[in-house]
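Engineer: Please find the sequence and the predicted model below.
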Number of protein chains: 2
Amino acid sequence: MIIVYTGDGKGKTTAALGTILRAIGYNWKVCVIQFIKGSWTYGEMKGLKRLEPDVVLKVLGQGFVGIIDDKKPIEEHIAAAQGALKAALEDVQSDKYDLIILDEINVALNLGLIDLSEVKKLLTGKPKRLHLILTGRGAPQDIIDMADLVTEMKEIKHPYQKGILAQKGVDF
Amino acid sequence: MIIVYTGDGKGKTTAALGTILRAIGYNWKVCVIQFIKGSWTYGEMKGLKRLEPDVVLKVLGQGFVGIIDDKKPIEEHIAAAQGALKAALEDVQSDKYDLIILDEINVALNLGLIDLSEVKKLLTGKPKRLHLILTGRGAPQDIIDMADLVTEMKEIKHPYQKGILAQKGVDF
């Protein structure tokens, strides 16, 4: 299955995390590849580490381009995202995993850090048993067309609207 | 914070699971209370058990009323959901937990298995440090009004549309 979690609301990466917890219940091997740095919080990293070695975490991104704490030139972001894509292609082809999460890959696509055609090739060439989860807002229509399951996380209400800062463990 | 995951799309309970993984990364104590049986799969149960004793799982529901495998009279569903609510009230007041997940409580509310006024009392009376996550489609407006963060999981595409059956580890 190819699953896409997109939209502007909270819960995309969180739902991917939840799927990991479910997957290890079935003794699946899981790989998580981060396309944009900062999509995984300290708490998530530590929580995921408890699930090693069943879960392999590959943190390759280089910060939200043009959004948060962007001190790096665009070239470094491109190199990082393309490094993530290269790792993803290898891991998909390795047939070592039951579930691979391509975290924030939709954002990397939208920012033009990686090529849509490369990602389409990755999806087409995946082993049948392998499940892929693609997260990030603004999933391209081509990706939605290729997916089996697409959920849009829609923001109905956010604490920032009420002036509450991000809270440890829930918001960051 | 009071967080609500609602809507007709996949990812509500899954996002709640993901928040658990994040929470244990911060050494939080977590309690999960199931208001409707069947909302947690075998894989989820087994995955969650790996996180004991940090995560306490209370499975109290009695099946999707009128939807799936409904062999029990409505009275038993009411008793089960009210048992879950009673447990929730005690756990909230105990101040033992940092995060309590009231899984499928919105569904229990919609089916009239529990009283909205009781749930509102629970939300109002919670310790300040305690985070609550309420899941299930059709969250009542009163609950949305009281929440800090509300995400609607919107179904854009579902494998059933393509005739693919539920797949182990992802869909059940």
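Structural biologist: That came through, no problem.
Engineer: what about the nearest residue to A:Leu132 once chain neighbours are set aside, how many neighbours?
Structural biologist: Residue nearest to A:Leu132 in three dimensions, not counting chain neighbours: A:Ile2, with 5.1 Å by C-beta to C-beta, 6 or more residues apart in numbering or on different chains. (C-beta placed from N, C-alpha, C; glycine too.) By other C-beta atoms under 10 Å in any protein chain shown, the residues close to A:Ile2 number 18.
Engineer: And the longest helix along chain A, what's buried?
Structural biologist: Secondary structure of chain A read by DSSP state H shows that its longest helix is helix A:74-94. Burial within helix A:74-94, assessed by neighbour count using 16 or more other C-beta atoms under 10 Å in any protein chain shown, is assigned to A:77-78, A:80-85, A:87-89, A:91-92.
Engineer: same thing with stretch A:24-33?
Structural biologist: A:Ile24, A:Gly25, A:Tyr26, A:Trp28, A:Val30, A:Cys31, A:Val32, A:Ile33.
Engineer: repeat for stretch A:147-164
Structural biologist: Applying a neighbour-count criterion of 16+ other C-beta under 10 Å, one finds A:147-159 buried in stretch A:147-164.
Engineer: do the same with stretch A:104-120
Structural biologist: Those buried within stretch A:104-120 under the rule 16+ other C-beta under 10 Å are A:Glu104, A:Ile105, A:Asn106, A:Val107, A:Ala108, A:Leu109, A:Asn110, A:Leu111, A:Leu113, A:Ile114, A:Val119.
Engineer: Identify the residues contacting it?
Structural biologist: Residues outside stretch A:104-120 that contact it (C-beta atoms under 8 Å, 6 or more residues apart in numbering or on different chains): A:4, A:6, A:13, A:34-36, A:39, A:61, A:64-66, A:77-78, A:80-82, A:84-85, A:88-89, A:134-140, A:142-143, A:146.
Engineer: Those also near chain B: which ones?
Structural biologist: Among the contacts of stretch A:104-120, proximity to chain B is found for A:Val4, A:Thr6, A:Thr13 (C-beta under 8 Å from any C-beta of the partner chain).
Engineer: ranking these by neighbours, who comes first?
Structural biologist: Comparing those on neighbour count, A:Val4 comes out first with 27 neighbours (neighbours: other C-beta under 10 Å).
Engineer: residues in contact with the residue nearest to A:Leu132?
Structural biologist: A:Leu123, A:Lys126, A:His131, A:Leu132, A:Leu134, A:Met146, A:Ala147, A:Asp148, A:Leu149.
Engineer: Need the pLDDT of it.
Structural biologist: For A:Ile2, the pLDDT comes out at 96.
Engineer: Mind telling me what element the residue nearest to A:Arg22 when sequence neighbours are not counted is part of?
Structural biologist: Excluding its sequence neighbours, the residue lying closest to A:Arg22 (C-beta to C-beta, 6+ apart) is B:Gly43, at 4.4 Å. For B:Gly43, the element it lies in under DSSP states H and E is helix B:42-49.
Engineer: Please put the alpha-carbon coordinates of that helix into PDB.
Structural biologist: Output of helix B:42-49 as PDB, limited to C-alpha atoms (Å, rounded to 0.1, in the frame of the first residue of the first chain):
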ATOM      1  CA  TYR B  42      -3.900  -6.700  17.300                       C
ATOM      2  CA  GLY B  43      -0.800  -5.000  16.000                       C
ATOM      3  CA  GLU B  44      -1.500  -1.900  18.000                       C
ATOM      4  CA  MET B  45      -2.100  -3.800  21.200                       C
ATOM      5  CA  LYS B  46       1.200  -5.700  20.800                       C
ATOM      6  CA  GLY B  47       3.100  -2.600  19.800                       C
ATOM      7  CA  LEU B  48       1.700  -0.700  22.800                       C
ATOM      8  CA  LYS B  49       2.600  -3.600  25.200                       C
END
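Engineer: which residues sit in contact with A:Val150?
Structural biologist: A:Ile3, A:Val4, A:Thr6, A:Ala139, A:Ile144, B:Glu155, B:Ile156, B:Lys157.
Engineer: switch to 6 Å and redo it
Structural biologist: Counting by C-beta atoms under 6 Å, 6 or more residues apart in numbering or on different chains, A:Val150 makes contact with A:Val4, A:Ile144, B:Ile156, B:Lys157.
Engineer: tell me the pLDDT at the closest residue to the last one other than its chain neighbours?
Structural biologist: Taking C-beta to C-beta, 6+ apart, and ignoring the residues beside it in sequence, B:Lys157 has A:Val150 as its nearest neighbour in space, at 3.9 Å. pLDDT, the model's per-residue confidence, is 95 for A:Val150.
Engineer: Perfect, I'm done here.
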